[in-house]
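**Q** generate a structure from the sequence data that follows.
(chains A and B)
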Amino acid sequence: MSLEKRDDFDHNAWLKEKDLTTIETVFLTALVYLDRRLRIVDYLELLEDAYYKVNLQMPKSHTEQYDLDNKFWYWYPLYSLGFFSVLAYIVAAVSGALLGFYYSPSAAGDPTAAYASIRMIMEDLQFGFALRSIHRWAAQIMMAAVFLHMLRVYFTGSYKEPRELNWLLGIILISLSMVFGYTGYLLPWNQLAFWAGQIGVEMALATPIVGEWAAQLLFGGFTLGQATIVRMYILHVFILPFVVTSLIALHVGIVWVQGIAEPH
Amino acid sequence: MNETDTTNDETRTDDGPASEASGTASELRSDGGETGIVAPDDETPTWSERKERKSGLSRLTYEYFERARREDQDLRQESDYVERDVLGFPTWPHEIIRNLAISLFFVGMMILIAAALPPSLELPANPSSTPSIILPDWYLYWSFGLLKLNPINPGLAVLDGGKVMSDQLYGILANVVVVGAVAFLPFLNKGSARRPVEQPFWAAIGAGGAVFAITIAGLAVQNLIPIALPLQLNIVFIGPIIVGVMTYALLKTLREGYMYGLNRRYYMLRPPK
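**A** Next up, the predicted model:
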């Protein structure tokens, strides 16, 4: 028993009676050939569907509704703060990746290998001084931009009704950014870093119920040492970059979907 | 696997000897056999019927989707949206060039600052000598200041002046309360007001909060500021209140100004004496 050949869909005959130009014939022949084998039409349909979904008309924005295109709204320059913080985040990510080539997260030796590698970056490495400076300033500028962005969102009432969840996401993001900054602050393992870490451990231990567990998890014990450096390092260069980057993407994506909240 | 085997056997019962061969023989047959797919007839339920037959959460979900889609469609049909020929400037080159220019300017600014004010590297960590100044980065000062609120951790007379919670826990709770309050904001202040003048009270709260973030940061660097602690605590808490009241008064006044045009029209509509 074998499959019967059916001529219900004789595409070649259909092509002949269509009276097509050469280009059309070649295109259709290729399309039919590929479609018979790969079911291309299904995917084209999906693509078409996606195309129309992407190009759906957004609801009218406030400026359009009240024909305010010609008027200048004095809050508008502050609307760039979110973009500015993303930009600073990218600069920090690039310079941080370069710094990662030279930093070693180790408490061995005296002074520690971590401190020695930072000193090597600052004193011996070509442009290492500039690299660390850019990384540090990008982080500072990002935090400043994020705080100002939050103030802008507050004072233009952009956190209201359909946007509560994005506000909560923003709170999580700003907290994680501060953790980002804190973990990075500890990495050079200088006096300030060590004692800032000490305060962190004491804070964790003062928390009831989960305190000791949190101190073990984040700092690798109740006294600072090798485990602390490695944990801070992994948090700073592996876990937080993934988490924060995806949350930023979600944050911006929600803004994209919901539209910019323009002041009335 | 088992299921397909049984269906194959059932469809092939009239074959006689072939069904007795069963097992290995039926598995070897790969060509020309029945597919087991039944062509839809009038009895076959449609997809919507199948979905309707479902019960519980999936049914509710489906119903909601249908409703939401219908609502969407109705809204679209009712909307007075006029499709325009031109939706905006082309992304390339107009928007991209502009955004690139702005981005490069900002990045250049960052590099300039980095070049002008390079960071320092302090002494290596030494667990045996506590430095006189322990500070995190500036953006954590507010949190660090909240940790230093122990002077106002209340002692209770019932406990002979003992404290209900340790100073450190008190500071951590202060952090939790502040962050929680900020997170809870959209559920307290609703409505469509967007400009500060429309809600002077909430604008005052915001201004007070921003000032509090600065004054409480001052508490973190308390040992660097030559002010007595009680006075500084007063500044920390009364400063934001003063700023809040001033903001409220200012916005109320501004609002009177904004309403002026409306008031004038209102008075003009009144019948002349």
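**Q** CA atoms for contacts and neighbours, from now on please.
**A** OK.
**Q** tell me where chain A is predicted with low confidence.
**A** Low-confidence segments of chain A (pLDDT under 70): A:1-9, A:45, A:48, A:51-73, A:263-264.
**Q** helices along that one, start to end?
**A** Taking DSSP state H to define them, one finds helices in chain A at A:11-18, A:22-38, A:40-54, A:62-65, A:81-100, A:113-123, A:128-155, A:164-186, A:191-206, A:211-219, A:226-234, A:240-258.
**Q** among the ones you listed, which is nearest chain B?
**A** helix A:191-206 (4.2 Å; Cα to the nearest Cα).
**Q** mind giving me the packing neighbours of the closest one?
**A** Packed against helix A:191-206 by the contact rule (3 or more Cα pairs under 8 Å, 6 or more residues apart in numbering or on different chains; DSSP states H and E) you find helix A:164-186, helix A:211-219, helix B:167-188.
**Q** run the last query once more with 6 Å
**A** helix A:211-219 (3 or more Cα pairs under 6 Å, 6 or more residues apart in numbering or on different chains; DSSP states H and E).
**Q** which parts of the stretch 151-273 of chain B sit against chain A?
**A** B:168-169, B:183, B:186, B:190, B:194-195 (Cα under 6 Å from any Cα of the partner chain).
**Q** which of those residues are buried?
**A** By neighbour count, with 16 or more other Cα atoms under 10 Å in any protein chain shown, these hold B:168-169, B:183, B:186, B:194-195 as buried.
**Q** return the member of those nearest to residue A:142.
**A** Among these, residue B:183 lies closest to residue A:142 (Cα to Cα), at 20.6 Å.
**Q** tally up the residues packed near the closest residue to that closest one other than its chain neighbours, please.
**A** Spatial nearest neighbour of residue B:183, chain neighbours left out: residue A:168 (5.8 Å); criterion: Cα to Cα, 6 or more residues apart in numbering or on different chains. Residue A:168 has 18 neighbours, counted by other Cα atoms under 10 Å in any protein chain shown.
**Q** ok, the one 5 residues further on next?
**A** Taking other Cα under 10 Å as the criterion, the count of residues near residue A:173 is 19.
**Q** how about residue A:143?
**A** Residue A:143 has 22 nearby residues by other Cα under 10 Å.
**Q** how far away is the nearest residue to it once chain neighbours are set aside from residue A:145?
**A** Excluding the flanking residues, the one nearest residue A:143 by Cα to Cα, 6+ apart is residue B:139, at 6.9 Å. Taking Cα to Cα, to the nearest Å as the measure, residue B:139 and residue A:145 are separated by 11 Å.
**Q** with neighbour numbers in mind, choose between these two.
**A** More neighbours surround residue A:145 than the other of residue B:139 and residue A:145, with 21 against 17 (other Cα under 10 Å).
**Q** contact partners for the more buried one?
**A** By Cα atoms under 6 Å, 6 or more residues apart in numbering or on different chains, residue A:145 lies in contact with A:81, A:85.
**Q** swap in residue A:121?
**A** Contacts of residue A:121 (Cα under 6 Å, 6+ apart): residue A:128.
**Q** check the one 3 residues further on too.
**A** Residue A:124 is in contact with no residue at all, counting by Cα under 6 Å, 6+ apart.
**Q** domains of chain A?
**A** Structural domains assigned to chain A are A:11-51, A:76-258, following automatic domain parsing.
**Q** out of those domains, which one sits most buried?
**A** Greatest average neighbour count among these goes to domain A:76-258 (a mean of 18), per mean count of other Cα atoms under 10 Å in any protein chain shown.
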